[in-house]
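**Q** what shape does this take:
(chains A, B and C)
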Amino acid sequence: MSISQRPGLTVTALDRLLGFAMAATVIAVGLGFCWILGAIVAQGLGQISLAFLLAEPSNAGREGGIAPMLVSTLLILGVCLAIALPLGLGTALLLAEFTITDQRLGRLVRRSLDFLAGVPSIVFGLFGNAFFSQVLGLGFSILSGGLTLACMVLPLLIRTTEEGLRAVPPSYRQGAAALGLSQTTTLFKIILPAAVPGLIAGLVLGMGRALAETAALIFTSGYVDRFPRSLMDSGRALSIHIFDLSMNIPGGDARAAASALVLLTLLLLLNLLAGALAQRWANSS
Amino acid sequence: MTTMMSAATTCTQPLLEAKHLQLSYGQQVAFHDVSLPIASGEIMAIVGPSGCGKSSFLSCLNRMSDLVPHCHVQGEIHFNGTNILSPRTDTLLLRRRIGMIFQKPNPFPLSVWENLALPLREHGLVKSQTSRRAFRQAIHQAIEAVLRDVGLWEEVKNRLHSSALALSGGQQQRLCIARALILQPEVLLLDEPCSALDPLASAVVEELMLRLRPRYTQVVITHNLAQAKRIADRIAVFWVQQHKGQLIEVGSTQQIFNAPTHELTAAYVSGGKG
Amino acid sequence: MQTFEMSQLSSLRRAHRRDRILRHSLRLLGSITGLLVLLITLFVLQEAWPALQNLGFIRFWTDGSWHPLEGSFGLMPMVLGSGLIALGATAIATPLGLLSALFCQCYGPPLLVVPYRRLLELLAGIPSVVYGFWGLVVLVPQINRLHPPGQSLLAGTLILSLMILPTVALLAIASLAQIPSSYWQGAAALSLSRWTTLTRIILPSARSGLFTAVVLATGRALGETMAVLMVCGNVVQVPSSVFDPVRSLTANIALEMAYATGDHRAVLFVSGLVLLAIVAGLVVMAEGISNQGMSSESVIVHER
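**A** Below you'll find the predicted structure:
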């Protein structure tokens, strides 16, 4: 990038460099993605069978399947959503629809959400361990892990839900107000149905985040790789299974890759399902 | 028509009356010191250049201004003798009695039927019946009556249960008027109801307003002076002076167009003629 | 007529009652969400308190080493480890992320931009444990061949940069999208070169959004646990080269929480507190940057 006597030439060279750098970046990122995915598929695909999905693990996970982890993961996700959904939807409604009457509360909540969104997942794990596991006496349990995850996904859930609500044209709110409709009717009969695609997007992002999480679960839902008998039982999430197999079990790599592939497939299916649901909703209304 | 007009202008007790009304957004004063009595049954047109506070004024009359952040209203508005700016006013009831139509038609993303049945049920305007069937029948009658009123019945009677958003712009606006009428309001506020419509649809809505005249008091904002001349009994002219909106003249349509007292009015209506 | 009036009145009363219930429940839910931050901070603080009281805050920085069982609690190497990994990752991800954003928002052919954006979103959605696993079985052996042991600062930096790249890119895309198209048209009308348009017009006006993107991505890198835990080797030391293993604050918590008791456990909560403080600092910084951006934009509006 030497300074040429003719600036025009330098600028053309810089333009060309810029184009080259962009192309290189795009190719590199694309290749990186393929490399990651390729490696996991190559190592894991051979391991996957119906038995793998339906059997309990044996020999510390080197053999057998992942059925208990799938069940635990779904249970943890269920607990997480059961708490995070009402809390998230309520907060998003407050932030998006009560901007005038509850301005100050809204500002406070928004500020704390900004902070919450940046809190590292391991710190959520610390908090969950101290609060849910010890103070509330839930121990290492699915309940404790799900509650911790609920705290973690809240900011994301609220932000996307709020965006979905804000995407509803303000003319609907005006029209409803001018008819003297109560806020309850306006929200439940008009705004929320119109916001459904945004709500689905938020739900899917939140679920994806919860499914992917590991660090927050290590000290809350625990490691036990049996089928959980109740929500108070410890249960090993799929992500923790991947971690344990690859870090602590020599010879567990192949099964770890297979579990990772299952997790990625779950996430992908979730995304596709959400896309299809949003599409269908858009068509029907 | 002339007897109508004189009846309206000579009416001693106005139905709706703004007294020294001022509205500001934060520090910015939108309009100030507006006093305007509106008589029962008349069509009052509000005209004036953009940004003179016409829409803000209209939004005070049914307290829609409450929904705007940092919006502050001073003064009094009397409706049937009570000050509706009092914090004790029930805005839900007020907005049922004073309906509003917006510039852009805004039917809800529901079926034609639901658009009308929702406000009807919400306000309990249909007598509770002995059976669900009879209740539904009563709602149907109310819907049919109001759709006939706005001349939409023949056009939509076969698609009552399909989306209101599929209707044309003019049909949507008439549906919105029907939606306001189904609550049996005393006053209709119309904020440039024709400006988003094509001339044909606009003419239909205009005709509808004339048809509704003796039954409903109407306050209509319009940019179209010819339209104001065609439909209004009286006209209020707003203007911007010293960055604030003001009411500079009120009078019968005839007087405003033929013998305006304010020079700005004179310039405005003559410009409008050209 | 009498019953008619009655039904209207009761509907009105019902509407007001429902609205009141709705408003109060939403306020309650919102308050719970708002209080969550307080709850988390307080609990981490409470658990960290014994250590702060018994050992004092200074000890964590002056103790020469980390031997918690022998009562030596130097956090410094781990703070340094976290910082180096995060800085390295940000240094790599920032230019790549910006170039990706420029490609998506400004120069790329639409046929490629749509799948590339989708790719970035997919990358953002890959669980960190999967990144860590890939790093462990693919990247670490490659680095090992170059320079043993493989599990190293370099491995952590590379993995993390790949992980935060989508964050930088997607946030940068959002901030570039805010630039009014008139700026582009004006530049095109003057037939300015790409380089001049970018460096003189586009990047300066998107500056605050781009800074925010980088700051938030740095926060994400600092807080990341699993991938770092899996590829960095976790030796508590000040690294002398990029091939040395390091341990981050987050990895330290994950590794030792399982058996930590007493002061040791409390010290782990202290490191959690340190992380919280860093995040709070970054959030305030991001907010400051975007507010500054807001005020400079409003100046532009006034000038027009």
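**Q** every contact and neighbour count from this point should use C-alpha atoms.
**A** OK.
**Q** would the worst-scoring helix or strand of chain C on mean pLDDT count as contacting chain A?
**A** Ranking every helix and strand in chain C by mean pLDDT, DSSP states H and E puts helix C:262-303 at the bottom, with a mean of 77. Yes - against chain A, helix C:262-303 shows contacts by CA under 8 Å from any CA of the partner chain at C:269, C:272, C:275-276, C:279-280, C:283.
**Q** most neighbours, which of those residues?
**A** Of all these, the highest neighbour tally under other CA atoms under 10 Å in any protein chain shown goes to residue C:272, namely 28 neighbours.
**Q** which residues touch the nearest residue to that residue once chain neighbours are set aside?
**A** Leaving aside its sequence neighbours, residue C:272 sits nearest to residue A:123 (CA to CA, 6 or more residues apart in numbering or on different chains; 5.6 Å). Counting by CA atoms under 8 Å, 6 or more residues apart in numbering or on different chains, residue A:123 touches A:216, C:272, C:275-276.
**Q** burial of whichever residue of the stretch 151-274 of chain B sits closest to chain C, as a residue count?
**A** The stretch 151-274 of chain B approaches chain C most closely through residue B:183 (10.8 Å), counting by CA to the nearest CA. A count of neighbours around residue B:183, defined by other CA under 10 Å, yields 25.
**Q** so it touches residue B:120, yeah?
**A** Yes - between residue B:183 and residue B:120 there is a contact at 6.5 Å, judged by CA atoms under 8 Å.
**Q** overlap of the contact sets of those two?
**A** Between them, residue B:183 and residue B:120 share no contacting residue, judged by CA under 8 Å, 6+ apart.
**Q** which residue is nearest the middle of chain C?
**A** Centrality entry for chain C: nearest residue to the mean C-alpha point is residue C:220, 2.4 Å, by CA atoms, centre = their mean.
**Q** can you tell me the element that one falls in?
**A** For residue C:220, the host element (DSSP states H and E) is helix C:207-223.
**Q** could you point out which element follows that helix?
**A** Counting by DSSP H and E, what follows helix C:207-223 is helix C:226-231.
**Q** so that following helix, near chain A or not?
**A** Yes - interface with chain A: helix C:226-231 contributes C:226, C:230 (CA under 8 Å from any CA).
**Q** which residues touch that helix?
**A** With CA under 8 Å, 6+ apart as the criterion, helix C:226-231 contacts A:214-215, A:243, A:247, C:128-133, C:135-136, C:140, C:151-152, C:155-156, C:159-160, C:247-248, C:250-251, C:254.
**Q** against which helices or strands is whichever helix or strand comes after that helix packed?
**A** Following helix C:226-231 in sequence order, the next helix or strand is helix C:249-256 (DSSP H and E). Under the contact definition 3 or more CA pairs under 8 Å, 6 or more residues apart in numbering or on different chains; DSSP states H and E, helix C:249-256 sits against helix A:121-128, helix C:76-102, helix C:226-231, helix C:262-303.
**Q** which parts of the stretch 51-200 of chain C are helices?
**A** C:59-62, C:76-102, C:110-125, C:128-134, C:140-146, C:153-177, C:181-189, C:194-196 (DSSP state H, counting those that start in this stretch).
**Q** in CSV, list those along with mean pLDDT and mean neighbour count.
**A** Output for the helices of the stretch 51-200 of chain C, formatted as CSV (pLDDT from 0 to 100; neighbours: other CA atoms under 10 Å in any protein chain shown):
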stretch, mean pLDDT, mean neighbour count
helix C:59-62, 85, 16
helix C:76-102, 95, 23
helix C:110-125, 92, 16
helix C:128-134, 96, 25
helix C:140-146, 95, 16
helix C:153-177, 95, 25
helix C:181-189, 88, 13
helix C:194-196, 86, 18
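**Q** closest one to chain B among those helices?
**A** helix C:181-189 (25.5 Å).
**Q** residue contacts, the closest residue to chain B within the stretch 51-200 of chain C?
**A** Closest residue of the stretch 51-200 of chain C to chain B, CA to the nearest CA: residue C:178 (24.1 Å). Residue C:178 makes contacts with residue C:206, as judged by CA under 8 Å, 6+ apart.
**Q** for chain B, just list every one of the helices.
**A** Using DSSP state H, the helices found in chain B span residues B:2-10, B:54-61, B:91-97, B:112-122, B:132-149, B:153-156, B:169-181, B:199-211, B:225-231, B:253-258, B:263-273.
**Q** burial measure for residue C:204, as a count.
**A** Count around residue C:204 with other CA under 10 Å applied: 11.
**Q** from chain B, how far off is it?
**A** 32 Å (CA to the nearest CA, to the nearest Å).
**Q** residue ranges with poor pLDDT in chain B?
**A** Along chain B, segments meeting pLDDT under 70 span B:1-12, B:272-274.
**Q** got the domain ranges for chain C?
**A** C:2-55, C:75-303 (automatic domain parsing).
**Q** for the first one, give the mean pLDDT please.
**A** Average pLDDT, domain C:2-55: 90.
**Q** quick one on the thing from earlier: is it true that the residue nearest to the centre of chain C touches residue A:117?
**A** No - distance between residue C:220 and residue A:117: 9.7 Å, which falls outside the contact criterion (CA under 8 Å).
**Q** residue numbers of chain B in contact with chain C?
**A** B:92-93, B:122-128.
**Q** which among those residues gets closest to residue C:212?
**A** Nearest to residue C:212 among these is residue B:92, at 43.4 Å by CA to CA.
**Q** need the contact list for residue 260.
**A** All of this is about chain A. A:40, A:44, A:239, A:242, C:130.
**Q** I was thinking of chain B, sorry if that wasn't clear
**A** Counting by CA under 8 Å, 6+ apart, residue B:260 has contacts residue B:266.
**Q** what does it show for phi and psi?
**A** phi -60, psi 140 (degrees, to the nearest 10).
**Q** any idea how far whatever residue of chain B ends up closest to chain A is from residue C:15?
**A** At 4.1 Å from chain A, residue B:92 is the closest residue in chain B, using CA to the nearest CA. With distances taken as CA to CA, to the nearest Å, residue B:92 is found 9 Å from residue C:15.
**Q** ok, now residue A:159?
**A** Counting by CA to CA - residue A:159 and residue C:15 are separated by 29 Å.
**Q** ditto for residue C:167
**A** Counting by CA to CA - residue C:167 and residue C:15 are separated by 45 Å.
**Q** what does residue C:229 give?
**A** 55 Å.
**Q** could you do residue B:71 as well?
**A** In terms of CA to CA, residue B:71 sits 25 Å off from residue C:15.
**Q** between these two, who's got more neighbours?
**A** Of the pair residue B:71 and residue C:15, residue C:15 is the one with more neighbours under other CA under 10 Å, namely 21 against 17.
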